[in-house]
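J.: Give me coordinates for this.
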Amino acid sequence: MIQMRVVKTIKEVRDQVSAWKNEGLSIGFVPTMGYLHEGHQSLIRKSAEQNDRTVVSVFVNPIQFGPNEDLEAYPRDLERDKAAVEEAGGDLIFHPEPSEMYPGHFTSFIDTTETTELLCGAVRPIHFRGVCTVVGKLFNIVLPDRAYFGQKDAQQLATIRRFVRDLNFPVEVIACPIVRESDGLAKSSRNTYLSPVERQAATILSKSLMKGKEAIENGERDAKKVIDIITASLQSEPLARIDYVEVVDFENIQRVERIAGETLVAIAVYIGKTRLIDNFVIKL
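T.: Numbering: from 1, shown residues only. Purely as a prediction, here's the structure:
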């Protein structure tokens, strides 16, 4: 059992990973923005199962936040994160300062099309450019064999799969299922923003998705009808304000009229001031 370490510089990560690779060890990687919960831990555990060593990045990435988004308010607690990574079987935390990741006059970005046009990409125009750029940088720093992403951020998962394929990154992208609270709410660092009343109201997301999923399982194939079922359910909660309800092809994140193949049903809903996302993927 090796001692879990926290490092802050790119050189330290590269030196450690290089030493592990010289021993013939495989490297798994879990990129995070910290404030880790059981969802993140499920990714770390999967990596620890499938690889000899697991690197976890804890970095609140400034370039994926828009001007009016919650960069400063985003929760941070490194001591808590260290305990969570250690418990889940991680071996190294990379916790850089923004100046380490974006030195000087930074002008190079990974931009994507198609998979980022709808859903969160439509309302957060710079978000995925920031996500893909930081993930691409982290892949080049850590040089992992496999990297682990949660299905809760399904558009992010599809987009990273696409740029890894398009740009020939030598990393296998592993998707892991959504981890939920006992009442169905998808685990998220942003759940901490919810008041007790809002927290109760937020269960409407998973309940509404379940109604849509049941309709598909009972034979409904018309995407608009599934959207209408989910929308009506969400509208029954007074504290819920819908951002979007969409049915898309899971590979290219484009709208479909008929549900076939691998389909993503995704929602974004404001509960008070907190924007929450949830989804399910169905294969027919």
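J.: Report the buried residues of the longest helix seen in the chain.
T.: Secondary structure assigned by DSSP state H gives helix 127-142 as the longest helix of the chain. Of the residues in helix 127-142, those scored as buried under the neighbour-count criterion (16 or more other CB atoms under 10 Å) are 127-139, 141-142. C-beta coordinates here come from the backbone N, C-alpha and C atoms, glycine included.
J.: and which of these is nearest P62?
T.: Taking CB to CB as the measure, G130 is the one of the buried residues of helix 127-142 closest to P62, at 7.9 Å.
J.: My guess is that closest one contacts N61. True?
T.: Yes - under the contact definition of CB atoms under 8 Å, G130 touches N61, with a separation of 6.0 Å.
J.: picking up where we left off before, just checking, what packs against the longest helix of the chain?
T.: The contact analysis (3 or more CB pairs under 8 Å, 6 or more residues apart in numbering; DSSP states H and E) places helix 127-142 against helix 10-22, strand 27-32, strand 53-58, strand 92-94, helix 119-123, helix 154-166.
J.: nearest residue to the residue positioned nearest the centre of the chain other than its sequence neighbours?
T.: Within the chain, the residue whose C-alpha comes closest to the C-alpha centroid is D153; the distance, by CA atoms, centre = their mean, is 3.8 Å. Nearest residue to D153 in three dimensions, chain neighbours excluded: I277, at 7.4 Å (CB to CB, 6 or more residues apart in numbering).
J.: With L143 instead?
T.: When the adjacent residues along the chain are set aside, L143 lies closest to V17, with 6.0 Å between them (CB to CB, 6+ apart).
J.: In contact with that neighbour, which residues?
T.: With CB atoms under 8 Å, 6 or more residues apart in numbering as the criterion, the residues that contact V17 are I27, R53, V55, V142, L143.
J.: Quick check: it vs F163, distance?
T.: Going from V17 to F163 by CB to CB, to the nearest Å gives 21 Å.
J.: helix, strand or coil for the residue nearest to D153?
T.: strand (DSSP: H, G, I helix; E, B strand; the rest coil).
J.: what are the bridge partners for it, then?
T.: Each beta-bridge partner of I277 is listed here: A268, as defined by DSSP bridges.
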